[in-house]
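Participant: what would the 3D arrangement of this be:
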Amino acid sequence: MITVRRAAERGQGDHGWLLTRHTFSFADYYDPRFMGFRALRVINEDTVAPGAGFPTHAHRDMEIVSYVLEGALEHKDSLGTGSVIRPGDVQRMSAGTGVRHSEFNHSAESPVHFYQIWIEPARRGLEPGYEQRQIPAAQKRGRLRLVAAPDGSAALDGPASAGGTVTIHQDARLYATVLERGESVAHAIAPGRQAWIQVLRGALALDGEPLTAGDGAAVTGAPSVTLVASAPAEALVFDLA
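Facilitator: Here you go, the predicted model:
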């Protein structure tokens, strides 16, 4: 079964410096039908104005993954990490027992457009940690490229391993794909597992169901899914216990 979450139905806020869209209930936005999916708790699509950002704030007991589409996101945290996340990068911050961080648009001229994803960890009280990987664009074209997994870089081998993958502390795997019009990818779903597909750009059909940028879909009770691009598209596929 496929349950679609249309982009226009998401929670939204325009704060001047921040344009945000919430796939699931978040902060002041509440929708009892969409509280998350399995261990996947948050999918926020954010556009931050030049020079603006989120001042230092605290998190705990959450795996936070950031995926930048356009621009550059500057990150600083209480672990001593300072970095800039650009398109092609995947960042993971394990909040664990507690971490404070800030996120700002690195540019004074152009907005930054990114997705932030929260995944509940398999257990609470983990040691906080940070990881960032650059995933070569060619490795996402026409295929599903694993970008986050519980066993991190060990999940990859062979030539496709360049860039590695970030480690998340949950039985979940995140794949990214970039498709040209007419290209397709298929993903097998093991018994007892489910999938969430999030379209980042363009348009595609998920087992025949049309989806466009910002749309998401839960897949339950299916042995596999197939994505076929009806226009150039970029998407994330979450494989969840």
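
Participant: just list whatever residues bridge to the closest residue to Q139 other than its chain neighbours.
Facilitator: Among residues not flanking Q139 along the chain, R145 sits closest, at 4.8 Å (CB to CB, 6 or more residues apart in numbering). Placement of C-beta: from N, CA and C, glycine included. On DSSP bridges, the residues paired with R145 through beta bridges are A176.

Participant: same thing with Q198?
Facilitator: Beta-bridge pairing of Q198 under DSSP bridges involves G216, L236.

Participant: burial of it, as a residue count?
Facilitator: By the criterion of other CB atoms under 10 Å, Q198 has 24 neighbours.

Participant: one more: P50?
Facilitator: Burial measure for P50: 14 neighbouring residues, criterion other CB under 10 Å.

Participant: contacts only, for it.
Facilitator: Listed by CB atoms under 8 Å, 6 or more residues apart in numbering, the contact partners of P50 are 105, 107-111.

Participant: ok, A218 next?
Facilitator: For A218, the set of contacting residues under the criterion of CB under 8 Å, 6+ apart consists of 2-3, 5, 37, 194-196.

Participant: host element of it?
Facilitator: For A218, the enclosing helix or strand under DSSP states H and E is strand 216-219.

Participant: give the next helix or strand downstream of that strand.
Facilitator: Going down the chain from strand 216-219, the next helix or strand is strand 224-229, by DSSP H and E.

Participant: other residues contacting that next one?
Facilitator: Contacts of strand 224-229 from elsewhere in the structure, counted by CB under 8 Å, 6+ apart, are 177, 179-189, 195, 197, 202-207, 219, 233, 235, 237.

Participant: what's around the closest residue to I43 other than its chain neighbours, how many residues?
Facilitator: Counting by CB to CB, 6+ apart, T23 is the residue found nearest to I43 once chain neighbours are left out, at 3.9 Å. As a burial measure, T23 scores 26 neighbours (other CB under 10 Å).

Participant: equivalent analysis for the one 10 residues further on, please.
Facilitator: Neighbourhood size, R33 [other CB under 10 Å]: 9.

Participant: please flag which of the contacts of strand 224-229 sit within strands.
Facilitator: The subset of the contacts of strand 224-229 located in strands under the criterion DSSP state E comprises 177, 179, 184-188, 195, 197, 203-206, 219, 233, 235, 237.

Participant: coming back round to it: just the buried ones from the contacts of strand 224-229?
Facilitator: Burial by neighbour count, 16 or more other CB atoms under 10 Å: within the contacts of strand 224-229 this picks out 177, 179, 183, 185, 187, 189, 195, 197, 202-204, 206, 219, 233, 235, 237.

Participant: and of those, the nearest to A149?
Facilitator: Among those, V237 lies closest to A149 (CB to CB), at 12.4 Å.

Participant: any idea how far that closest one is from L179?
Facilitator: 12 Å (CB to CB, to the nearest Å).

Participant: grab the nearest non-local neighbour of H75.
Facilitator: S83 (5.1 Å).

Participant: how much space between that neighbour and E131?
Facilitator: Summarising the geometry, the distance separating S83 from E131, computed by CB to CB, is 10 Å.

Participant: check S94 too.
Facilitator: If you go by CB to CB, the gap between S94 and E131 works out to 8 Å.

Participant: try G88
Facilitator: Using CB to CB, which is the criterion applied here, G88 is 15 Å from E131.

Participant: go on, Q139?
Facilitator: From Q139 over to E131 the distance is 18 Å, taken as CB to CB.

Participant: residue nearest the centroid of the chain?
Facilitator: When the chain is reduced to its mean C-alpha position, the closest residue under CA atoms, centre = their mean turns out to be I117, at 4.7 Å.

Participant: now stretch 23-38 - C-alpha only, CSV.
Facilitator: The C-alpha atoms that make up stretch 23-38 are tabulated as CSV, following Å, rounded to 0.1, in the frame of the first residue of the first chain:
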residue,chain,number,x,y,z
THR,A,23,6.2,16.5,6.3
PHE,A,24,5.5,15.4,9.9
SER,A,25,4.3,17.2,13.0
PHE,A,26,7.0,19.5,14.2
ALA,A,27,7.3,22.4,16.7
ASP,A,28,4.0,24.3,16.6
TYR,A,29,2.7,22.3,13.6
TYR,A,30,0.6,19.3,14.6
ASP,A,31,-1.2,16.7,12.4
PRO,A,32,-2.1,13.5,14.2
ARG,A,33,-2.1,11.6,10.9
PHE,A,34,1.5,12.4,10.3
MET,A,35,3.6,12.1,13.5
GLY,A,36,6.4,10.3,11.8
PHE,A,37,6.9,6.9,10.1
ARG,A,38,8.6,4.0,11.9
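
Participant: thanks a lot, catch you later.
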